[in-house]
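Visitor: my questions concern the predicted model and sequence given below.
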Amino acid sequence: MPILIALISGLLFGFGLIVAGMGNPAKILAFLDITGHWDPSLLVTMAVAMVISGIAFLCVKKRKVSVLKCQMQIPTTQKIDKKLVTGSLLFGVGWGLAGICPGPALVLTGLGIIPGIIFTLAMIAGMSIFQFTQKT
């Protein structure tokens, strides 16, 4: 049952990304271009996502297990360290250069769109390099 719920949640999330325009790199780049032809429409998407996420975190903060009896994995650390800052910078630079981030990349890959596939392969390579460097 948890796998089915995860599948449905993932499909719903992917559909939401498509409807919001987050799968369109040109729309993302226009949103990030605050000195040119700025497209502020994604602000609504981000604001709604932040409100929903905030409410969800408040609701599950005190739970030990989910509704489906799965272990909750909510981050508790509030420390801002070098890894967090470096990761955030890499994410931002990648998003700004490609107009794609991990969620939409998976949607684009699932749709067979070449830039999404390339981004996903690069993302997997980056995660593999990170895993390899952390083992030594």
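Guide: Good, I have the coordinates. Only a predicted model underlies this, so the values are computations on that prediction, with no experimental measurement involved.

Visitor: could you pull out the helices in the chain for me?
Guide: In the chain, the helices defined using DSSP state H lie at 2-20, 25-32, 42-60, 82-98, 102-110, 114-135.

Visitor: deepest of those helices, which one?
Guide: Comparing those by mean neighbour count (mean count of other C-beta atoms under 10 Å), helix 102-110 comes out on top with a mean of 20. C-beta: built from backbone N, CA, C; applies to glycine.

Visitor: mind showing which ranges of this protein have poor pLDDT?
Guide: Scanning the chain with the threshold set as pLDDT under 70 gives 136.

Visitor: give me the residue at the spatial middle of it.
Guide: The centre of the chain sits closest to Gly103, judged by C-alpha atoms, centre = their mean, with a distance of 4.5 Å.

Visitor: that residue against Ile18, yeah?
Guide: No - using C-beta atoms under 8 Å, Gly103 makes no contact with Ile18, being 10.6 Å away.

Visitor: if we can go back for a sec, excluding its backbone neighbours, what's nearest the residue nearest to the centre of the chain?
Guide: Leu17 (5.7 Å; C-beta to C-beta, 6 or more residues apart in numbering).

Visitor: tell me the contacts of Val65?
Guide: 71-72 (C-beta atoms under 8 Å, 6 or more residues apart in numbering).

Visitor: hey, what's it bridged with?
Guide: On the basis of DSSP bridges, Val65 is bridged to Gln71.
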